[in-house]
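1. starting from these lines, generate the structure:
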Amino acid sequence: MDLDCTRKTRSPPDWSKLPQELLGFLTTKLVSADTIRFKAVCPSWNRAATSYICSPSYNVMDQTPLLMIPSSDKQNDPHTRRFFSLAENKTFTLRDVFRDFPEAWCVGSSHGWLVLMDATGKMDLFNPFSEDKIELPSFCTLPHFVRHETNPAFPRMKALIMRTYITGKVVTSCNPSCNKDFAVVITHSLGGRLAFCKVGDNRCTWTDLGEESDHYSDIMFHGQLYTATSLGSVGVWDLTKSLPSKVLDLHPCCADGREINKHFPYHKFDVQHYLVESSGDLLFVWRFIVKSIEVRTFPHKTEHFHIFRLSSDRKDWEKVEYLHDRALFLGGNHSMSVSTLVFPECQENSIYFTDDNSYEMALKHHVDDKACAHDHGVYNLEGKVVEPVPGNQYIDKGTIYDPLPFWVCPYPWPSTVSYGAPSSSSPSGQQP
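-> Purely as a prediction, here's the structure:
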């Protein structure tokens with residue numbers, strides 16, 4: 001009797017035919033980098049992910065920030081960005097992601113969206129992971145900016161001024177992917193002016209806020225808009241009205257000036273302020289940076305941080321000596337705090353910081369000493385020491401990146417809302 005011993009070969013599984021319910025469940029367990037890979041598998045997996053975020057049960061999973069770095073010096077591709085993942089301790093690359101913004105540079109990041117601006121003043125919000133974009137009013141429509149244009153030297157200096165002086169911090173009031181009506185607030189110019197616009201309005205334009213002498217150094221949203229000045233005062237603003245107004249001036253954060261000057265004398269150190277929400281508390285962070293003293297050398301290095309917490313009665317600021325299981329992420333991004341219990345890849349009781357001084361970086365382009373390059377690292381509050389920032393091995397030594405590296409809290413899902421183009425009219429009614 002002849003036996004047919006031929007083994008039947010089994011066809012490889014067709015992963016694209018997995019049930020949509022199962023695929024949707026899997027997306028709830030993924031961190032940002034894995035989500036991007038998940039969407040790229042096939043159209044079926046991409047549809048499942050998109051369907052899930054449109055459902056009422058969708059809940060945004062917390063993510064650790066990624067460090068966005070321009071392409072390597074060897075590639076020198078202005079349209080490509082690298083993102084360093086703390087969780088995976090490696091970078092992944094998004095190629096050609098800035099192809100629609102050939103002349104723009106990043107001036108901020110908020111809720112996973114980058115704020116881009118070019119030399120003409122055109123501004124956009126851009127999500128590099130979903131490639132969604134939202135047009136903002138031109139920077140040139142700012143009343144404060146229009147006054148600069150009367151200077152005869154302005155036209156030939158416009159690009160340099162826009163790049164190094166104008167923009168400071170840019171934040172959104174919420175995640176633009178999930179809410180059509182939100183506010184964008186910026187600090188701008190060397191005077192630290194404040195301006196805002198409301199996306200979703202029929203006539204979306206920039207409006208100056210505050211006094212020219214206030215010199216705003218940082219802004220954040222924590223239910224309401226909070227602003228910090230270089231003198232240590234903190235204001236609370238109501239943006240629900242057509243003309244936003246300051247509703248509260250918190251007690252100034254007045255650290256012991258003599259004690260600070262003893263260890264960080266004003267003629268040797270600059271101070272940068274940050275506001276950040278952490279575990280429900282409002283923190284006011286002071287960053288001490290060695291000044292650029294010599295004409296041709298630029299130390300510009302962070303040496304120390306002080307942290308203050310607003311008291312429960314909102315009448316005083318208390319010195320914070322320990323962050324416990326929290327890590328802060330500061331720089332040109334909107335300031336963030338994450339739990340090191342949820343994300344053990346982050347060091348507890350630490351501050352992850354990057355450059356946010358484009359003026360200093362512009363000066364470095366014109367000096368011989370580039371060994372110090374960028375000012376970034378991880379500051380441990382207990383040891384009071386600065387260690388190299390994770391991902392430092394991917395940052396070319398001696399290279400001054402333009403734009404600066406940014407912390408980006410990734411949101412890789414497509415936007416669930418749509419936007420129209422804003423009004424481009426300037427205050428005078430002329431096209432800028």
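2. residue 410 reaches residue 114, doesn't it?
-> No. The criterion here is Cβ atoms under 8 Å, and residue 410 misses it with residue 114 at 11.0 Å. For the C-beta atoms, the positions are set from N, CA and C on the backbone; glycine is no exception.
3. so which of those two has more stuff around it?
-> residue 114 (27 against 22; other Cβ atoms under 10 Å).
4. you'd agree that one is in a strand?
-> Yes. Residue state for residue 114 (DSSP: H, G, I helix; E, B strand; the rest coil) corresponds to a strand.
5. who's in contact with it?
-> The neighbourhood of residue 114, defined by Cβ atoms under 8 Å, 6 or more residues apart in numbering, consists of 68, 106, 108, 125-128, 406, 408.
6. so how far is residue 230 from residue 170?
-> 18 Å (Cβ to Cβ, to the nearest Å).
7. again but with residue 50, I slipped
-> In terms of Cβ to Cβ, residue 50 sits 44 Å off from residue 230.
8. same thing with residue 141?
-> Where residue 230 is concerned, residue 141 sits at a distance of 26 Å (Cβ to Cβ).
9. neighbour count winner among those two?
-> The neighbour comparison of residue 141 against residue 230 (other Cβ under 10 Å) goes to residue 141, with 27 against 14.
10. correct me, but the more buried one touches residue 206?
-> Yes. Contact criterion Cβ under 8 Å: residue 141 and residue 206 qualify, at 5.5 Å.
11. what residues does the nearest residue to residue 303 once chain neighbours are set aside make contact with?
-> Among residues not flanking residue 303 along the chain, residue 288 sits closest, at 5.6 Å (Cβ to Cβ, 6 or more residues apart in numbering). Each residue near residue 288 by Cβ under 8 Å, 6+ apart is listed here: 264, 269-271, 302-306.
12. so of these, which ones are in strands?
-> Applying DSSP state E to these, the entries found in strands are 269-271, 302-306.
13. now the helices for the stretch 51-200 of the chain?
-> Under the criterion DSSP state H, counting those that start in this stretch, the stretch 51-200 of the chain contains helices at 143-148, 154-161.
14. could you do the stretch 201-350 of the chain as well?
-> 257-263.
15. ChimeraX command to pick out the buried ones of the ones in strands among the contacts of residue 288?
-> To isolate the buried ones among the ones in strands among the contacts of residue 288 in ChimeraX, judged by 16 or more other Cβ atoms under 10 Å, type:
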select :269,270,271,302,303,304,305,306
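16. out of the ones in strands among the contacts of residue 288, who's nearest residue 83?
-> Residue 83 has its nearest neighbour among those in residue 302, at 22.8 Å by Cβ to Cβ.
17. where does residue 16 land in three-state SS?
-> helix.
18. same check on the one 10 residues further on?
-> Here residue 26 is recorded as helix under three-state DSSP.
19. leaving out the residues flanking it, which one is nearest to it?
-> Nearest non-adjacent residue to residue 26 (Cβ to Cβ, 6+ apart): residue 38, at 7.3 Å.
20. that's a helix at the one you found, yeah?
-> Yes. Counting by three-state DSSP, residue 38 is part of a helix.
21. burial measure for it, as a count.
-> 18.
22. need the per-residue pLDDT for it.
-> Residue 38 is assigned a pLDDT of 81 by the prediction.
23. swap in residue 432?
-> pLDDT at residue 432 comes out at 29.
24. and residue 6, by the same measure?
-> On the pLDDT scale, residue 6 gets 56.
25. what bridges to the residue nearest to the spatial centre of the chain?
-> The chain has residue 333 as the residue nearest its centroid, 2.2 Å off, counting by Cα atoms, centre = their mean. Assessed by DSSP bridges, residue 333 has beta-bridge partners residue 109.
26. then residue 285?
-> With DSSP bridges as the rule, residue 285 is bridged to residue 274, residue 307.
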